[in-house]
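In: Model the structure of this input:
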Amino acid sequence: MGAEEHRQKAGRGPVTVAIVTVSDTRTPDTDQNRQYIEKRLAELGHQVAAYRLIKDEPQQVANVVEELTAMPGVQIILFNGGTGISPRDTTYDIVSRYLEKTLSGFGELFRMLSYQEVGAAAMFSRATAGVCRGTLIFSMPGSPNAVQVALEKLILPEINHLAWEIARKG
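Out: Below you'll find the model as predicted:
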């Protein structure tokens with residue numbers, strides 16, 4: 001069965017998502033990424049089951065991965081922030097330890113798309129994705145433009161297909 005047949009089998013039903021913003025400065029009121037992600041998911045009929053705003057502290061990142069992958073019904077977790085190379089950027093390091101299967105193509109395609117917009121600075125991104133305990137995790141940079149690129153060009157076009165793939169048996 002090809003990708004198009006899989007997309008048709010996956011359908012267009014709602015996908016349940018958790019949003020995690022990793023930031024030392026944002027508040028729930030100033031979190032533009034949360035607002036954008038929630039709006040786009042709602043427009044497409046998907047559901048947000050949880051939202052967490054955490055500092056880029058390794059233990060906080062680990063705790064939220066543990067919590068949200070154990071939350072019944074959550075199919076996809078969208079992390080934004082903490083994927084750079086500065087000493088404070090630890091999200092990638094923690095999230096990647098939890099991934100049982102990685103989707104290398106997400107990071108590769110994200111950096112390719114970013115290169116078209118920001119040039120060689122795209123190599124600084126450690127955007128990643130994979131599966132942890134039957135839940136898909138996407139970890140993308142925290143800039144609003146990066147979130148929009150990741151969501152619109154990579155995640156949303158395949159969201160139902162992705163959720164269907166991790167749920168199917170065989």
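
In: Tell me the secondary structure at residue 20.
Out: The three-state label given to residue 20 by DSSP: H, G, I helix; E, B strand; the rest coil is strand.

In: what about it, how many residues close to it?
Out: If you count neighbours by other C-beta atoms under 10 Å, residue 20 ends up with 27. C-betas here are computed from N, CA, C, even on glycine.

In: what about it, distance to residue 84?
Out: Distance, residue 20 to residue 84, by C-beta to C-beta, to the nearest Å: 16 Å.

In: Please enumerate the helices of this structure.
Out: When assigned using DSSP state H, the helices of the chain occupy the ranges 3-10, 32-43, 58-69, 91-98, 104-118, 144-149, 159-167.

In: got the ones you listed as JSON lines, with distance to residue 133 and mean pLDDT columns?
Out: JSON lines is the format used below for the helices of the chain (distance: least, C-beta to C-beta, whole Å; pLDDT from 0 to 100):
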{"stretch": "helix 3-10", "distance to residue 133": "20", "mean pLDDT": "68"}
{"stretch": "helix 32-43", "distance to residue 133": "22", "mean pLDDT": "98"}
{"stretch": "helix 58-69", "distance to residue 133": "4", "mean pLDDT": "98"}
{"stretch": "helix 91-98", "distance to residue 133": "8", "mean pLDDT": "97"}
{"stretch": "helix 104-118", "distance to residue 133": "18", "mean pLDDT": "96"}
{"stretch": "helix 144-149", "distance to residue 133": "24", "mean pLDDT": "96"}
{"stretch": "helix 159-167", "distance to residue 133": "10", "mean pLDDT": "93"}
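
In: Of those, which stretch is the most buried?
Out: Highest mean neighbour count of the helices of the chain: helix 91-98, a mean of 20 (counted as mean count of other C-beta atoms under 10 Å).

In: Pull the residues that contact that one.
Out: Contacts to helix 91-98, defined as C-beta atoms under 8 Å, 6 or more residues apart in numbering, come from residues 22, 56, 58, 61-62, 65, 69, 79, 81-83, 102, 126, 128, 130, 132, 137, 139.
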